[in-house]
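Visitor: Structural data only, the sequence is not supplied:
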């Protein structure tokens with residue numbers, strides 16, 4: 001693997017691939033968890049297991065564990081990348097030209113898509129177009145405190161980059177969503193849905209009573 005600004009280490013296999021690798025990873029995780037320079041979700045005894053997971057992710061991506069921790073966000077129990085990190089990974093991997101963002105319209109008609117060139121084939125790779133109409137329909141821009149309401153041009157670029165990354169460079173992102181996407185996901189209570197479905201199922205009809213046996217005409 002070639003060294004770049006973001007890719008600086010060689011992947012050496014999963015930290016869970018053997019006892020020795022796991023023990024080595026635990027020592028590294030313990031040292032990292034004692035640091036105050038990493039995000040709170042990785043600090044202390046409670047963050048120890050998160051450090052192990054971050055080591056695994058960093059190892060698979062061939063990047064520094066510290067870099068992975070700085071850009072990993074755990075939201076609703078799911079790890080996600082910051083959108084700025086997704087852009088940096090795409091731009092720094094050496095496989096594509098730097099991402100460009102094509103904006104059009106303004107206000108409710110604002111639209112954006114990301115585009116870059118595959119350096120091996122020379123093909124222009126255009127990502128899905130993100131629009132403010134989509135942001136409102138998906139309720140990204142209508143949630144209380146949403147950054148879509150105060151900085152739409154930045155958020156629309158971030159979403160366009162995330163869509164482009166998952167479409168053309170999902171291996172770089174390990175299939176994970178961006179931080180902004182996970183924040184925008186509406187929580188769903190599965191148990192309530194199951195209860196509603198169960199309530200809609202009609203009760204089975206009672207089984208018919210067995211017919212009485214005919215009386216015998218035989219005389220005793």
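Guide: Done, it's in. From a predicted model like this one, the values you see are computed outputs, not experimental measurements. Numbers count the residues shown, from 1 in each chain.
Visitor: how about the strands of the chain, start to end?
Guide: Listed in chain order, the strands of the chain (DSSP state E) span 72-75, 78-81, 100-104, 111-117, 124-126, 130-131.
Visitor: how close does residue 98 sit to residue 173?
Guide: 17 Å (CB to CB, to the nearest Å). (C-beta placed from N, C-alpha, C; glycine too.)
Visitor: If you count neighbours, what's buried in stretch 106-113?
Guide: Neighbour counts over stretch 106-113 (16 or more other CB atoms under 10 Å) mark 110-113 as buried.
Visitor: Let's have those residues in CSV, adding pLDDT.
Guide: Putting the buried residues of stretch 106-113 into CSV (pLDDT from 0 to 100) gives the following:
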residue, pLDDT
110, 95
111, 97
112, 97
113, 97
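Visitor: what stretches of the chain score poorly on pLDDT?
Guide: Residue ranges of the chain with pLDDT under 70: 1-13, 184-220.
Visitor: Enumerate every residue touching the most centrally placed residue in it.
Guide: Residue closest to the average C-alpha location in the chain (CA atoms, centre = their mean): residue 177, at 2.6 Å. Contacts of residue 177 were listed using CB atoms under 8 Å, 6 or more residues apart in numbering, and they are 78, 80-81, 162, 166.
Visitor: what does residue 154 give?
Guide: Shown in contact with residue 154 (CB under 8 Å, 6+ apart): residue 147.
Visitor: Pull the residues that contact stretch 38-49.
Guide: Contacts for stretch 38-49 (CB under 8 Å, 6+ apart): 29-30, 32-36, 50-51, 54, 66, 69-70, 72-74.
Visitor: Much appreciated, bye for now.
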